[in-house]
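In: give the three-dimensional model of this entry:
(2 chains)
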Amino acid sequence: MNNDKVKQILTSNEMIVACIIIGLCIIIGIVNPMFVGQHTAINLSRAMLVTLIFAIAEMIVIVSGGIDVSFPAVACISLYATIKFMNANSIDSVLFAFAMSGGIGIVCGLLNAILVSKIKIPPLIATLGVSSLLNGITLAYLGAANISKIPDNVDSLSQQFIYTYTNEAGIKYALTVLILIPIVLYILAYVVLKYTMLGRGIYAIGGDKNAARIAGFNIIKIQFIVYMTAGFLAGIGGMTYTILMRQAGPQSLMGAEMMVIAAIVIGGTRITGGHGSVIGTLLGVTLIALVQNNLIMLGVPTHFQTFIVGFIIVVGTVITSIRVRYIDAKPKV
Amino acid sequence: MSEVFLKLDNIKKSFGGVHALKGVNLEVKLGEVHCLAGENGCGKSTLIKVISGVHDPTSGDIYIEGKKITKLTPIEAIKMGIQVIYQDFAIFPNLTVAENIAMNNALMTGTKTMNWKKARKIALEAMSRIGVSIDPDLLVERLSVANKQIVAICRAIINDAKMVILDEPTTALTSKEVDRLNEIIFNLRDKNIAVVIVNHKLDEIYQVAKQLTILRNGENVATGGIEEFDRGRFINCLTGRDIQEDFYRPEPSDQEVLKVENYTKKGMFENISFTLNKGDVLGITGLLGSGRSEIGDALFGLIAVESGNITLNDNPITINSIQEAIKNKIAYVPEDRLTQGLFLKRSIEDNTIAASIGKYLKNFKLDQHAMTEVTNMWIKKIGCVAASSQVPINTLSGGNAQKIVIAKWLNTNPSLIILNGPTVGVDIGAKADIHKILHDLAAEGVGVIVISDDLSEIIQNCNKIIVMEDGKIISNTDSSELDEEKLAKLLTGTVMAEGGVANE
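Out: Residues are numbered from 1 along each chain as shown, chains lettered A, B, ... in the order given. As a prediction, the model looks like this:
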């Protein structure tokens, strides 16, 4: 019995991904000792930061039985409109930047929610349509040029660090204060998903919508909360990205959806809904970021990295789907 | 001794112009197992929905614990202690056992937070109440159907249930699991809970029920203690006609239809040989995993065999694919008609002509007129009850849907038809109709093979019976040498085929 539980933990998806990450780190570390050190952790955190925000939102949507491919477009319209508005009206406040960007995100999420939950359009189609719609609005009405003038207070956030580290060679590595956003989000998501009826309701409707309705969950309400939260987080992620990159691009995040969804699936979330964990998502994003950023240390040529990333996605998702089949085929208790 | 919990007085319910219930009376006492029997479409489901507050009755009175209830809503019904366990259980495969059991309670109390410790405690309590134990931390997707049902039952009883209604609880269970369910039902009964079971399987009803109410066409035709019903009266009340439970004994013939020799697929079945003459209905039975279904799959080309010969109407043939099977005029009614045999959302007509659509293609156009005509012909010939040939399959009852699967294949004029579990979930009247169709086919010279684990079906409808075990034939006899008891013994392996029953 206890043995069974130990085995269950050891063969859990999170454990497998964690082992792959550790294994990969060891290989890179052996081939290139430069990899080992605090600087890698700092660089990696910075590289993962925005993906982490998008990933947690997307995971919640997928767990609820839906999918949202519109978040890059939502993020772009939110960040671009906010920066443009702030520049035009000479507003310079960090709080305003995040509030407005997140607010636009919520409105976009509301549109997704109406299409999916009320009009009952399949989520992939609905959000694909919204994505194209928003991207078109951004380019047609707001502009197509990158804006490099970010309001001062907002811009200065990119230069605030919670931790700095100087190596022997005197190179300074600094961890941006923005990392607090995903940290808070992940803790919050963990608590909400595991310890509130809203969180359990998200899992329930992802597992069996009909059963959830009979049990007395308000499916429409839960779906609205899920898609609007996803929109809000897309807006927050977009603004974070703007501050990090110190410029606002109307299309800068387009195309991010594949990598984010891949990271989530590798982290053990089932694309069919009902299954997924916060820790798994964290690990999935870490693995993808590690491969994207540190493969070069193994001597892998840049153009070859795209191949490796694709390869990891395919293998990762294959492992997940084989696991699902294995669980299905396992003798029932 | 025991008091009446629920009393229905002359309940009527109509939808539009259709009278689903035409005045039903029902009395259920606490601590009593009450069986509600009736064929598909008799109004059982509507009645349950009235009791659980989903439907308002058009007229009639509901009394719960002697008090007249004017307006019964689902929440009201649950508060009164009425719980329904539906056929699909409505549980969450991705959540743990504990969570599934405790979730309703949490939703009822309106709490915003999830208390895992409390959920586990509630789950363990509920399980101990009905005398079962399942690891509360397991995900429900890892449970067998029987255990999923137990989870659903546990969830139902946590809120002080006084009456539990089980809708067709045994459909997906093995006989061993049915025994365990019966124990749980008795357990509930001993806890002074009223148990209402909806079922139409006679044998199972006799095992558990104390009281019996039979519905037909929206009326209760009979009610009383189970001892007042013998099989004859029971069937008569259910179907409204006398169905003879007699045996199929065709004229002997030596015109050979099908000969199978040394059919082998390692790991599934080995050295299977049998012959089928004109008029024969061959029954293949065996426990799950004995290879009975695989033989059917192989004869239809779903499984490629390693060796063996097949002769169909004196022509040696090989079957390696479904296309070859169809070319050789072999038809297969699969075990799971809902997923493998029917296009549920399409009309009767589309389904009927699905396997023979080539026949209606004229000048690159489908002959709509001929298709409708032939569909109407089959509807009449096989006795399918449907408003028209254009209604979707998922509006039909199980028995009628199965008739359409058979019609689909008959429309291809098969030389051999294999039916895997042809009457699972089909009520008695429709069952008899389907068996009659099979016997007529056999008489016309079509080879008929019935694969089933329903022993009485095999005994009554097949004149040749093959019993399988571990991929081998352990008995191949004429059905006149067997009865249900001997067959059951053969199946469970207590009698060896060589020295025992087969040579008697």
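
In: the residue of the stretch 351-500 of chain B found nearest chain A - how many residues pack around it?
Out: Closest approach between the stretch 351-500 of chain B and chain A, counting by C-beta to the nearest C-beta: B:Asn394, at 15.1 Å. Just so you know, the C-beta spots here come from the backbone N, C-alpha and C atoms, and that holds for glycine as well. By the measure other C-beta atoms under 10 Å in any protein chain shown, the count of residues near B:Asn394 is 12.

In: and the pLDDT at it?
Out: As predicted, B:Asn394 sits at a pLDDT of 80.

In: go on, the one 4 residues further on?
Out: B:Gly398 is assigned a pLDDT of 74 by the prediction.

In: ok, back up a step: tell me the SS of the spatially closest residue to the residue of the stretch 351-500 of chain B closest to chain A that is not a sequence neighbour?
Out: Spatial nearest neighbour of B:Asn394, chain neighbours left out: B:Leu344 (4.4 Å); criterion: C-beta to C-beta, 6 or more residues apart in numbering or on different chains. Going by DSSP: H, G, I helix; E, B strand; the rest coil, the secondary structure assigned to B:Leu344 is coil.

In: roughly how far does B:Leu344 sit from B:Pro392?
Out: 7 Å (C-beta to C-beta, to the nearest Å).

In: and for the two, which residues touch both?
Out: Here B:Leu344 and B:Pro392 have no joint contacts, going by C-beta atoms under 8 Å, 6 or more residues apart in numbering or on different chains.

In: got the phi/psi numbers for the nearest residue to B:Ile51 once chain neighbours are set aside?
Out: In this structure, B:Ile51 finds its nearest non-sequential neighbour in B:Ile82, 6.3 Å apart by C-beta to C-beta, 6+ apart. Torsion angles at B:Ile82 (phi, psi; degrees, to the nearest 10) stand at phi -100, psi 120.

In: tell me, how many residues neighbour B:Lys210?
Out: For B:Lys210, using other C-beta under 10 Å, the count is 15.

In: quick one: contacts for it?
Out: Going by C-beta under 8 Å, 6+ apart, B:Lys210 touches B:Glu32, B:Val33, B:His34, B:Gly225, B:Ile226.

In: partners of the fourth one in the sheet?
Out: Same thing as B:Gly225. Beta-bridge partners of B:Gly225, counted by DSSP bridges, are B:Gln211.

In: check which helix or strand residue 104 maps to.
Out: Picking chain A for this. Using DSSP states H and E, A:Ile104 maps to helix A:94-113.

In: oops, wrong one, chain B.
Out: Secondary structure from DSSP H and E places B:Asn104 in helix B:97-109.

In: you'd agree the residue of the stretch 351-500 of chain B closest to chain A is in a strand?
Out: No - with three-state DSSP as the criterion, B:Asn394 is helix rather than part of a strand.

In: near chain B, which residues of the stretch 101-250 of chain A?
Out: Residues of the stretch 101-250 of chain A lying near chain B by C-beta under 8 Å from any C-beta of the partner chain: A:194-200, A:203-204, A:206-208, A:210-212, A:214-217.

In: let's see that with 6 Å instead.
Out: Residues of the stretch 101-250 of chain A lying near chain B by C-beta under 6 Å from any C-beta of the partner chain: A:Tyr195, A:Thr196, A:Met197, A:Arg200, A:Ala204, A:Gly207, A:Asp208, A:Ala211, A:Ile214, A:Ala215, A:Gly216.

In: and these, which are buried?
Out: Among these, those classed as buried by neighbour count (16 or more other C-beta atoms under 10 Å in any protein chain shown) are A:Met197, A:Arg200, A:Ala204, A:Gly207, A:Asp208, A:Ala211, A:Ile214, A:Ala215, A:Gly216.

In: hang on, the earlier thing: which ones among the residues of the stretch 101-250 of chain A next to chain B lie within helices?
Out: Per DSSP state H, helices hold the following members of those: A:Tyr195, A:Met197, A:Arg200, A:Ala204, A:Gly207, A:Ala211, A:Ile214, A:Ala215.

In: low-confidence ranges in the chain?
Out: Unless you meant another one, I'm taking chain A. Along chain A, segments meeting pLDDT under 70 span A:1-4.

In: let me rephrase: I mean chain B.
Out: For chain B, the stretches flagged by pLDDT under 70 are B:1-2, B:41, B:243-245, B:492-504.

In: got the domain boundaries for it?
Out: Following automatic domain parsing, chain B resolves into domains at B:4-239, B:248-329+B:415-499, B:339-413.

In: how about those domains, which one is nearest A:Asn294?
Out: domain B:4-239 (34.3 Å; C-beta to C-beta).

In: now do the same end-to-end measure for that closest one.
Out: End-to-end distance for domain B:4-239, by C-alpha to C-alpha, to the nearest Å: 29 Å.

In: using the three-state scheme, assign residue 331.
Out: Chain wasn't specified; assuming chain A. coil.

In: my question was about chain B
Out: Classification of B:Ala331 by three-state DSSP places it in strand.

In: burial count for it?
Out: 24.

In: could you find the closest non-adjacent residue to it?
Out: Residue nearest to B:Ala331 in three dimensions, not counting chain neighbours: B:Trp409, with 3.4 Å by C-beta to C-beta, 6+ apart.

In: how about the contacts made by the residue positioned nearest the centre of chain A?
Out: For chain A, A:Ala55 is the residue whose C-alpha lies nearest the centre (C-alpha atoms, centre = their mean; 1.7 Å). A:Ala55 is in contact with A:Val260, A:Ala263, A:Ile264, A:Thr281, A:Val285, counting by C-beta atoms under 6 Å, 6 or more residues apart in numbering or on different chains.

In: now do 10 Å
Out: For A:Ala55, the contact set (C-beta atoms under 10 Å, 6 or more residues apart in numbering or on different chains) comprises A:48, A:71, A:182, A:185-186, A:233, A:237, A:259-264, A:267, A:269, A:278, A:281-282, A:284-285, A:288.

In: hang on, the earlier thing: and the residue nearest to B:Asn394, its phi and psi?
Out: The phi/psi pair for B:Leu344 (degrees, to the nearest 10) reads phi -60, psi -30.

In: mind listing what it touches?
Out: Neighbouring residues of B:Leu344 by C-beta under 10 Å, 6+ apart: B:Arg337, B:Leu338, B:Asn351, B:Pro392, B:Ile393, B:Asn394, B:Thr395, B:Leu396, B:Ala401.

In: thought the residue nearest to B:Ala331 was touching B:Ala355?
Out: Yes - the pair B:Trp409 / B:Ala355 is scored as a contact, 6.1 Å apart, by C-beta atoms under 10 Å.

In: quick one: common contacting residues for these two?
Out: Here B:Trp409 and B:Ala355 have B:Ile326, B:Ala331, B:Tyr332 as joint contacts, going by C-beta under 10 Å, 6+ apart.

In: is it true that the second one touches B:Ser415?
Out: I take that to be B:Ala331. Yes - look at B:Ala331 against B:Ser415 with C-beta under 10 Å: they come within range, at 8.7 Å.
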